[in-house]
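> Below: sequence and its predicted model.
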Amino acid sequence: MTETKYTKKYIKVMEKKYPTVNYQIIEPLVLKATYGEDGEVTHYLDNSYREYKLDPKDIDEVIERYANASGDVYNKNKEININRIVPIIKPSDYFEQLKTLGNSVKDYKVPELIWEPYNEDLIIVYAEDREESINYFNQEEFEKLEISRDSLLEFSIDNLNSVVPKIEKVGENGNFGLIAGGDYEVSLLLMTDIWTKENFDVNGEIVIAIPNRDLVFITGSNDKEAIEKLKGTVKESFETGNHSISTNFYKWNGKKFEKI
């Protein structure tokens with residue numbers, strides 16, 4: 001299905017699900033929604049489209065899941081649950097990506113989200129985990145929560161421990177992966193206590209690759225053969241998967257991951 005046909009199918013689902021919201025197709029994979037007195041939001045369908053292309057027979061399930069997440073977007077006045085605030089790992093050019101995506105929307109402004117750098121390649125964006133969606137909030141909304149900015153990272157990591165389902169390690173022979181529900185696998189790199197040689201018996205220092213938000217590949221810095229094999233897998237996952245993060249590799253220095 002082309003991007004145009006997919007967008008038309010997507011908007012029909014949205015119009016049926018949210019009949020009081022007005023939708024306009026700005027361009028393929030970009031919808032503008034207006035609701036209430038002055039509510040306005042732009043929906044970018046690129047991630048859902050990429051997920052659909054991975055398994056076209058699941059198109060209805062994919063659209064339904066992404067459409068359900070929009071319900072919280074139209075309810076921005078809903079009180080933020082501070083115990084569900086979590087850290088989300090994004091590429092350092094995340095806001096530039098948003099700006100590029102928004103170029104087709106008149107008077108578009110990049111949202112002023114709460115974030116901080118992680119390393120030269122990655123940033124941490126803070127959001128609220130909701131039942132059907134991830135709610136990114138701005139500075140004005142954050143100030144109402146009366147949470148210290150200095151303690152936000154530690155606070156959100158503690159929340160992440162309770163939000164994510166059971167963390168499962170898969171793999172063997174010095175090459176592993178992590179499974180944690182599909183939304184927060186990459187955020188697990190912030191849980192410093194899990195990154196030990198006892199948990200990951202690899203050849204050399206712990207090295208990870210994170211092509212998408214639900215994929216964490218783990219190997220050792222001395223396992224050159226494994227790293228070479230991973231390069232192709234990481235590149236393909238980054239280009240074809242949804243919620244892409246990076247094609248780079250990162251090494252654990254005892255406190256955080258640094259770009260190799």
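Structure's in. What do you need? Note that this is a predicted model, so its numbers are computed, not measured.

> can you give me the helices in the stretch 151-260 of the chain?
152-163, 224-240 (DSSP state H, counting those that start in this stretch).

> looking at those helices, which is buried most?
Of all those, helix 152-163 has the most neighbours on average by mean count of other C-beta atoms under 10 Å, namely a mean of 17. Glycine gets a C-beta too; all of them are placed from N, C-alpha and C.

> Can you add distance to T7 and mean pLDDT and give the helices of the stretch 151-260 of the chain back as a markdown table?
Shown next, in a markdown table, are the helices of the stretch 151-260 of the chain (distance: least, C-beta to C-beta, whole Å; pLDDT from 0 to 100):
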| stretch | distance to T7 | mean pLDDT |
| --- | --- | --- |
| helix 152-163 | 32 | 94 |
| helix 224-240 | 19 | 94 |
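
> wait, which of these is closest to M191?
Among the helices of the stretch 151-260 of the chain, helix 152-163 comes nearest to M191, with 6.4 Å by C-beta to C-beta.

> Summarise which helices and strands that closest one is packed against.
strand 85-91, strand 122-129 (3 or more C-beta pairs under 8 Å, 6 or more residues apart in numbering; DSSP states H and E).

> what's the most buried one of those?
strand 85-91 (a mean of 23).

> Who are the packing partners of the helix or strand following that one?
Downstream of strand 85-91, the next assigned helix or strand under DSSP states H and E is helix 94-101. Where contact means 3+ C-beta pairs under 8 Å, 6+ apart, helix 94-101 is not packed against any helix or strand.

> mind listing what's buried in the helix or strand just after helix 94-101?
Note on helix 94-101: by DSSP H and E, the next helix or strand toward the C-terminus is strand 115-117. For strand 115-117, a neighbour-count test (16 or more other C-beta atoms under 10 Å) marks W115 as buried.

> Distance from strand 115-117 to the middle of the chain?
15 Å (C-alpha atoms, centre = their mean, to the nearest Å).

> cool, and stretch 138-156?
For stretch 138-156, the distance to the chain centre is 20 Å (C-alpha atoms, centre = their mean).

> That one: end-to-end distance?
Stretch 138-156 has its terminal residues 16 Å apart, counting by C-alpha to C-alpha, to the nearest Å.
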